[in-house]
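**Q** coordinates only, no sequence provided:
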Ligand SMILES: C[C@@H](N)C(=O)N[C@H](C)C(=O)O
Ligand SMILES: [Zn+2]
């Protein structure tokens with residue numbers, strides 16, 4: 001795929017799902033992955049991922065240069081939370097662009113938050129993450145995780161021009177490890193990677209997505 005495909009693109013919604021039934025697992029259960037509390041919720045949804053996505057994340061972490069680890073910010077997101085994030089950001093955009101028709105607002109919003117019906121985080125296959133050292137200190141990747149296009153002046157885009165050499169190199173380190181383990185990046189956000197969801201299936205030309213909306217009830221560690 002060469003052109004950037006947004007999550008609002010009808011091809012994402014048209015991608016078939018062959019649900020494989022993998023459970024959500026808790027990334028905190030064995031201490032292999034470091035998690036950050038900024039998106040922590042009471043029931044620990046943020047710390048869950050599909051079992052296959054977790055395996056691939058561990059594989060990717062083993063590919064990092066010595067002394068580096070992932071710092072996971074958010075994995076699974078319940079549908080109601082996804083809808084809330086989408087509506088809040090769309091409202092901000094409507095205020096900034098009062099002349100824009102609803103379709104344009106949806107497109108602009110989807111560069112930062114997925115429309116709920118195709119949301120990668122709701123599938124349990126998406127993870128927002130950055131790099132840290134052995135002491136947990138975050139590396140320089142050019143913007144904060146979850147910086148909006150507006151506040152970062154576009155530097156949230158994975159291939160944004162004008163980054164420092166350090167940030168550019170660290171994004172490349174992150175990308176090499178995650179791509180090698182089978183994840184795909186959402187090119188408008190350097191920190192967002194997914195495996196198994198519709199966006200992944202479309203990007204990798206898989207016959208179908210492996211993960212539809214995840215079932216949050218059977219929580220296993
Ligand atoms: C902004 C961020 N937290 C995020 O997750 N965005 C993507 C596109 C999503 O909503 O799936
Ligand atoms: Zn994300």
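**A** On my side now, so go ahead. From a predicted model like this one, the values you see are computed outputs, not experimental measurements. Ligands and ions are numbered 1, 2, ... in the order given.

**Q** need the contact partners of the lengthiest helix in the chain.
**A** Determined from DSSP state H, the single longest helix within the chain is helix 79-96. With contacts defined as C-beta atoms under 8 Å, 6 or more residues apart in numbering, helix 79-96 is touched by 41, 45, 77, 100, 105-106, 108-109, 112-116, 119, 121-122, 148, 150, 213. In short, each C-beta sits where N, CA and C put it, glycine included.

**Q** buried residues in that helix?
**A** Across helix 79-96, burial judged by 16 or more other C-beta atoms under 10 Å covers 81-83, 85-86, 89-90, 92-93.

**Q** pLDDT and distance to residue 61 added to those, as JSON lines?
**A** Formatted as JSON lines, those follow (pLDDT from 0 to 100; distance: C-beta to C-beta, whole Å):
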{"residue": "81", "pLDDT": "98", "distance to residue 61": "26"}
{"residue": "82", "pLDDT": "98", "distance to residue 61": "26"}
{"residue": "83", "pLDDT": "98", "distance to residue 61": "31"}
{"residue": "85", "pLDDT": "98", "distance to residue 61": "27"}
{"residue": "86", "pLDDT": "98", "distance to residue 61": "30"}
{"residue": "89", "pLDDT": "98", "distance to residue 61": "30"}
{"residue": "90", "pLDDT": "98", "distance to residue 61": "34"}
{"residue": "92", "pLDDT": "98", "distance to residue 61": "34"}
{"residue": "93", "pLDDT": "98", "distance to residue 61": "35"}
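
**Q** now those residues in TSV, with distance to ligand 2?
**A** Output for the buried residues of helix 79-96, formatted as TSV (distance: C-beta to the ion, whole Å):
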residue	distance to ligand 2
81	12
82	10
83	15
85	10
86	12
89	13
90	17
92	18
93	18
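
**Q** what average pLDDT does the helix or strand containing residue 58 get?
**A** Using DSSP states H and E, residue 58 sits within helix 51-62. Mean pLDDT, helix 51-62: 98.

**Q** kindly report the residues of the protein close to ligand 1.
**A** Residues of the chain lying near ligand 1 by C-beta under 6 Å from any ligand atom: 7, 112-114, 119-121, 126, 128, 146, 186, 189, 192.

**Q** before we move on, the earlier item: ok, then the element right after the longest helix of the chain?
**A** Downstream of helix 79-96 (by DSSP H and E), the next one is helix 102-110.

**Q** is ligand 2 contacted by that next one?
**A** No: using C-beta under 5 Å from the ion, helix 102-110 never reaches ligand 2; the gap is at least 12.1 Å.

**Q** ok, residues contacting the following helix or strand past that helix?
**A** Sequence order places strand 126-132 as the next helix or strand after helix 102-110, per DSSP H and E. Residues from elsewhere that reach strand 126-132 (C-beta under 8 Å, 6+ apart): 34, 39, 49, 53, 57, 64, 68-75, 119-121, 138-139, 141, 145-146, 170, 173-174, 183, 189, 191-194, 197.

**Q** what angle separates strand 126-132 from helix 51-62?
**A** In terms of direction (axes from the mean of the first three to the mean of the last three C-alpha atoms, to 10 degrees), strand 126-132 departs from helix 51-62 by 20 degrees.

**Q** please consider this matter closed, and thank you.
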